[in-house]
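> what's the 3D shape of this:
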Amino acid sequence: MCGMLIFYILTGGKHPFGSSERECQENIKQGQPMMDSYLEDIEGKDLVRETTKGNASTRPIIDVVVKHPYFWDINKRFQFLLQVGRKITFYTSRPTRIAEEFKESCIEARDWIFYVPLTVINFVTKCTNTYYKNEFSHLLLFAVGLQENFELMPKSLTSIVLIPSHFVLLTFPTIFMSIFHVIRRNSVLQKQMGLEAFF
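The predicted structure follows:
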């Protein structure tokens, strides 16, 4: 019921499983809320998906719902990414199940270098002495380097970046939830990365 109420509020009065009784019944049986038609927000879709799962025992309790990233501002989302970025190399430098999960989940970040101006990449490369590869883990490393060296950036580059958190999360709108999904499923990883406060 919580998920249906959330969907109703986020969509201005729509039913999560359809507009007709027949459509609702069919979608409820299949456990398929009709989010794509009504919700564009990635975090909102995830919140509705989690709270409308067919098996009620797998739905989050209210204490978990209120901590969902849908309710986080852009700075908190970015802080989460930075915290992961500072430790990502340890988890992805060798072939492990976790490394594979991250890689599979973060498909959209594979070509990240093509979406960031070369002048910005070159500046961060020079500051961090890191050669950035076209891999999701290097996007996170780049985000950390960008944030930590933003104050040193010349005006010609700050006029492009404006605010590091906005630059990264608006250029790559799905990267945050992709990484969040992997970590949400793994309480050991949450603890190892020092991310328990986010969950």
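> would you point out the helix or strand in the chain whose mean pLDDT is lowest?
Least confident helix or strand, the chain: helix 35-38 with a mean of 68, by mean pLDDT, DSSP states H and E.
> residue 69 against residue 178, yeah?
No. In this structure, residue 69 is not within contact of residue 178 by C-beta atoms under 8 Å, at 11.7 Å. All C-beta atoms are positioned from the backbone trio N, CA, C, and that covers glycine.
> tell me where the longest helix sits in this protein.
helix 136-149 (DSSP state H).
> summarise which helices and strands that helix is packed against.
helix 74-85, helix 88-92, helix 97-105, helix 118-128, helix 164-171, helix 175-184 (3 or more C-beta pairs under 8 Å, 6 or more residues apart in numbering; DSSP states H and E).
> now it and helix 118-128, what's the angle there?
80 degrees (axes from the mean of the first three to the mean of the last three C-alpha atoms, to 10 degrees).
> off-centre distance for helix 136-149?
15 Å (C-alpha atoms, centre = their mean, to the nearest Å).
> which positions in that helix come out as buried?
By neighbour count on 16 or more other C-beta atoms under 10 Å, the buried set for helix 136-149 is 136-147.
> also stretch 28-42?
33-35, 38-39, 42.
> list the contacts of that stretch.
Defining contact as C-beta atoms under 8 Å, 6 or more residues apart in numbering, one finds that stretch 28-42 is touched by 3, 7, 10-11, 14, 16-18, 27, 45, 48-49, 52-54, 70, 173-174, 176-177.
> now do the end-to-end distance for stretch 188-199.
12 Å (C-alpha to C-alpha, to the nearest Å).
> show residues contacting it.
Residues contacting stretch 188-199 (C-beta under 8 Å, 6+ apart): 64, 67, 80, 83-84, 87, 91, 98, 182-184, 187.
> and if you look at stretch 7-26?
Against stretch 7-26 from outside (C-beta under 8 Å, 6+ apart): 3-4, 27-28, 32-35, 38-39, 41, 44, 48, 52.
> now with 10 Å?
Contact partners of stretch 7-26, identified using C-beta atoms under 10 Å, 6 or more residues apart in numbering, comprise 3-6, 27-35, 37-39, 41, 44-45, 47-49, 51-52, 70.
> return the set of buried residues in that stretch.
7, 10-11, 14-18.
> would you check that residue 80 makes contact with residue 168?
No. Using C-beta atoms under 10 Å, residue 80 is not in contact with residue 168; the gap is 11.7 Å.
> for these two, indicate the residue with more neighbours.
Comparing residue 80 with residue 168 by other C-beta atoms under 10 Å, the one with more neighbours is residue 168, at 28 against 20.
> show me what contacts that one?
Residue 168 touches 74, 77-78, 81-82, 85, 112, 116, 139-140, 142-144, 146-147, 161, 175-176, counting by C-beta under 10 Å, 6+ apart.
> and it, how close does it get to residue 124?
11 Å (C-beta to C-beta, to the nearest Å).
> now the common contact residues for these two.
Common neighbours of residue 168 and residue 124 (C-beta under 10 Å, 6+ apart) are 116, 142-144, 146-147, 161.
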